[in-house]
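Colleague: Just need the structure, nothing else, for what follows:
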Amino acid sequence: MTGVFPTAALISAIMFASWALYVTLVEHPARLDSGAGPGRAQFQPSYRRAAPWQASFAVIGCAAGAATAIATSRWLWLAGALAIGAAVPFTLVVIKPINNTLLSGAPLSDEDTRRLLQRWGRLHAVRTLLGGGAVMAFLLALGRR
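Modeller: Purely as a prediction, here's the structure:
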């Protein structure tokens, strides 16, 4: 199938997964290596810049994947849409409390900061897997014409 929806779904999923993978493998480990205080200080502007992009890619990928699933009646498009779409509620329900604490001006001990950053990294890896799953589902769907 050709068209704007499958293209938008695939490109959005690739962008989401690529950025998430970079954060998981490069940026967040470097953040952790810099120490608790500097790590938190770097997290704040990084998160504020990245969140709108990641959320947009997740929503576009989900909507375009779902639209393609409806148009083609192919379950792989729906599977990909659900995978990338799941990143949004997962973030809002599971990760947001950690984000709120790290982004607040409230003082935290180095140990609490380190623990929150480590937990955030593990949870962010779940988003990376969701994005990767969406990419795989969309590629498989494209291959089954």
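Colleague: ok, now which ones touch residue 56?
Modeller: For residue 56, the contact set (C-beta atoms under 8 Å, 6 or more residues apart in numbering) is empty. Using the backbone N, CA and C atoms, a C-beta is placed for each residue, glycine as well.
Colleague: and if you look at the one 10 residues further on?
Modeller: Residues counted as contacts of residue 66 (C-beta under 8 Å, 6+ apart) are 77, 78, 81, 85.
Colleague: pLDDT on the helix or strand encompassing it, on average?
Modeller: For residue 66, the host element (DSSP states H and E) is helix 36-72. Across helix 36-72, pLDDT averages out at 97.
Colleague: Following element in sequence after that helix, please.
Modeller: Past helix 36-72, the next helix or strand by DSSP H and E is helix 75-85.
Colleague: close enough to count as contact, residue 116 and residue 98?
Modeller: Yes: using C-beta atoms under 8 Å as the test, residue 116 is close enough to residue 98 to be in contact (5.5 Å).
Colleague: rewinding a little: by neighbours, which of the contacts of residue 66 wins?
Modeller: In terms of neighbour count, residue 77 stands highest of the contacts of residue 66 at 27 neighbours, by other C-beta atoms under 10 Å.
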